[in-house]
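Visitor: next come a sequence and a model predicted from it.
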Amino acid sequence: MYPAYWVAAVTVVAATLRGSPMGQPAAITAATVLFVAGGLPHGAYDLALFRRAIALDRYGITLAASCYVAVAALMAIMWMIMPLAALILFLAVAAVHFGEDWDMLDEPLLRLAAGLAVIAAPAIGHRADVSRLFVAMSDGRATFVAQIIVAAAPVTLMVTAVSIGIAWRSGNRQWASAMALCLALLLILPPVVGFALFFVFLHSPRHLSQARATLGDMTPAQWLSTGVLLSGAAIIGWWALQGLSPAPMAWNMTAQAFQLLASVAMPHFLLSHWLAKRLHQ
Ligand SMILES: CC1=C(/C=C/C(C)=C/C=C/C(C)=C/C=O)C(C)(C)CCC1
Ligand SMILES: [Fe+2]
């Protein structure tokens, strides 16, 4: 499992040891492009999965797709008119959603801590960078959000160390060791690089392999075009909404990429949460 993750992790560790400037703008831009191109498509199959879960007619699927787009658009508008609330909502949803990767943990609080650890590790390892990104996505009050996460980080990470032990002993050794290394790298590497590694090589592949298994009757061409077209539509939709905004945001590519991700993450979270619950019934 996760062979690409190990290759990617070894590559960034080797690059760091060789003294490659991973915190430079070029590396951050590359990591941003990577997490958008490699991470965004994992939500592209949500509606196809939904259609599979409850047999929908044409009308039903149009309605579901409209709701999906509406929730994402509401979140995008929220970034424009109440960015602090949007940031807090985004981080809370992300912690729950990343916690769902830990399905071997029975205790919801342990899953939540493990999801939060992905945010807490870069926040405590690179306080200034994370704070600056939060402010770029929101406003000056976001430094306070970063401070709260830093304060919660030690407990979050210690609890997650215990969860890694539980995962290991329950036979999920690949996941336990992959996450142990990933959290260490999230602490050490520049935040966007560490996040890209987690998001593209650990979180997304879990969704993608589950989706591929469920949607086995899609041809490779259908599968690829769904991923490319819907991800592209999300990026274009984001740009279009930006253009309509009365007060356009300052241009910070990484901050905008996270805001786009957050916008599509809302319906993605609601749908995948619902699907996972249905599956475990
Ligand atoms: C903004 C930001 C961070 C948080 C990113 C999050 C929370 C992403 C969530 C994505 C989701 C929920 C995708 C769904 O599939 C980090 C990593 C602390 C690094 C600094 C900047
Ligand atoms: Fe996801």
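Guide: Nice, I can see it. Ligands and ions are numbered 1, 2, ... in the order given.

Visitor: residues from the stretch 151-281 of the chain in reach of ligand 1?
Guide: Where proximity means Cβ under 6 Å from any ligand atom, the interface of the stretch 151-281 of the chain facing ligand 1 comprises Pro191, Phe195, Phe258, Leu261, Ala265, His268. Where C-beta positions appear, they are placed from N, C-alpha and C, glycine not excepted.

Visitor: close enough to count as contact, the third one and Val130?
Guide: Right, the one you point to is Phe258. No. Contact between Phe258 and Val130 fails when scored by Cβ atoms under 8 Å: they sit 11.0 Å apart.

Visitor: save the residues of the stretch 151-281 of the chain next to ligand 1 as TSV, and put in pLDDT and neighbour count too.
Guide: Formatted as TSV, these follow (pLDDT from 0 to 100; neighbours: other Cβ atoms under 10 Å):
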residue	pLDDT	neighbour count
Pro191	97	24
Phe195	98	28
Phe258	97	25
Leu261	96	21
Ala265	96	21
His268	95	22
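
Visitor: which residue sits closest to Ala152, ignoring its sequence neighbours?
Guide: Closest residue to Ala152 apart from its sequence neighbours, by Cβ to Cβ, 6 or more residues apart in numbering: Ala120 at 6.3 Å.

Visitor: just checking, that neighbour touches Leu157?
Guide: Yes. The pair formed by Ala120 and Leu157 meets the contact definition of Cβ under 8 Å, at 6.2 Å.

Visitor: between those two, tell me which one has more neighbours.
Guide: Between Ala120 and Leu157, counting by other Cβ atoms under 10 Å, Ala120 is the more crowded of the two (26 against 20).

Visitor: ok, so what distance separates that one from ligand 1?
Guide: As judged by Cβ to the nearest ligand atom, to the nearest Å, Ala120 and ligand 1 stand 8 Å apart.

Visitor: swap in Met82?
Guide: Met82 sits 17 Å away from ligand 1 when distances are taken as Cβ to the nearest ligand atom.
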